[in-house]
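In: give me a model of this one.
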Amino acid sequence: MRGSSALTIEPGGVRQRAAAGIRTATEVSILALARLIEFVVLFGSALLLPVWPVIAAAILREGVYVRRYRATLVRMTRHILAVWHARPISRMIARRVAPAERAVPERIVGSCTHCGRCCLDRACVFLDFDDQARSHCRIYGKRVWKLLFANCGQYPLDAQEIAVYRCPGFTAVRGMQSDRRHFIPILPATQPAALDTISAGLSETPESPIA
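Out: As a prediction, this is how the structure comes out:
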């Protein structure tokens, strides 16, 4: 009598593979949607580029952005290109929507050097530097910051964020649960905006010493 062989399929394994496939497809869809939203935001910002100096002046209540209109346009263009390169909007959306159980446990250690790299590689139109080359957020605490930019105050959230901006002050230690602290004490600019700030942004921003 010939021996017979039968293919055994374990229901549990099939369910796990199916769940993994659905989860992967969901994450891909979320990332695609997040990038689409990011593209729409950037495209809208590009269309509004001619009026951005007026918008920035209204937000900060400082006429320097309008008086130095052409310099503001150049800096805002750098801001838009930096967002396109770093993709902070899509990464933020994907992080908040994607399943939390897939995240790798990690704890952020270190301290902020105020180098400004996390501010879109020093390209943020609202970034300022004091006399000691320490970065400051010029809209920190304002209503528009709370509505649109609150995610900035949570940097760095994970190892990916640190790697994107080549942050010299923080390190992600894997295998340790996060204590969910807010790591960077973002400070508002204590002095009125200097008239040379925007022009200085057109040249290379000075490096901040690492503490």
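
In: in the helix or strand hosting R70, which residues are buried?
Out: Here R70 sits within helix 69-86, counting by DSSP states H and E. Neighbour counts over helix 69-86 (16 or more other Cβ atoms under 10 Å) mark 71-73, 75-80, 82-83, 86 as buried. Where C-beta positions appear, they are placed from N, C-alpha and C, glycine not excepted.

In: same check, this time on stretch 47-65
Out: Quick answer for stretch 47-65 (16+ other Cβ under 10 Å): 52-53, 55-57, 59-60, 62, 64-65.

In: swap in stretch 85-99?
Out: 86-95, 98.

In: got it, and stretch 24-39?
Out: 30-31, 34-35, 38.

In: can I get it as PDB, trimmed to CA atoms?
Out: Extracted as PDB, the C-alpha positions of stretch 24-39 are listed here (Å, rounded to 0.1, in the frame of the first residue of the first chain):
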ATOM      1  CA  THR A  24       1.000  46.000   5.700                       C
ATOM      2  CA  ALA A  25      -1.500  47.100   3.100                       C
ATOM      3  CA  THR A  26      -3.100  49.500   5.600                       C
ATOM      4  CA  GLU A  27       0.200  51.100   6.500                       C
ATOM      5  CA  VAL A  28       1.100  51.500   2.800                       C
ATOM      6  CA  SER A  29      -2.300  53.200   2.200                       C
ATOM      7  CA  ILE A  30      -1.800  55.400   5.200                       C
ATOM      8  CA  LEU A  31       1.600  56.500   4.000                       C
ATOM      9  CA  ALA A  32       0.300  57.200   0.500                       C
ATOM     10  CA  LEU A  33      -2.600  59.200   1.900                       C
ATOM     11  CA  ALA A  34      -0.200  61.100   4.200                       C
ATOM     12  CA  ARG A  35       2.100  62.000   1.300                       C
ATOM     13  CA  LEU A  36      -0.900  63.100  -0.800                       C
ATOM     14  CA  ILE A  37      -2.000  65.400   2.000                       C
ATOM     15  CA  GLU A  38       1.600  66.700   2.300                       C
ATOM     16  CA  PHE A  39       1.800  67.400  -1.400                       C
END
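
In: make sure V51 is indeed in a helix.
Out: Yes. With DSSP: H, G, I helix; E, B strand; the rest coil as the criterion, V51 is part of a helix.

In: so which strand or helix has T113?
Out: Using DSSP H and E, no helix or strand contains T113.

In: for the residue lying closest to M76 once chain neighbours are set aside, what are its contacts?
Out: Once flanking residues are discounted, M76 sits nearest to W52: 4.5 Å by Cβ to Cβ, 6 or more residues apart in numbering. W52 sits next to 45, 72-73, 76, 125 when contact means Cβ atoms under 8 Å, 6 or more residues apart in numbering.

In: and the strands in the chain, which stretches?
Out: 106-110, 127-129, 135-137, 170-174 (DSSP state E).

In: nearest to W145 among those would be which one?
Out: strand 135-137 (7.3 Å; Cβ to Cβ).

In: against which helices or strands is the closest one packed?
Out: strand 127-129 (3 or more Cβ pairs under 8 Å, 6 or more residues apart in numbering; DSSP states H and E).

In: just checking, what packs against the strand it packs on?
Out: So strand 127-129, by 3+ Cβ pairs under 8 Å, 6+ apart, packs with strand 135-137, helix 197-202.
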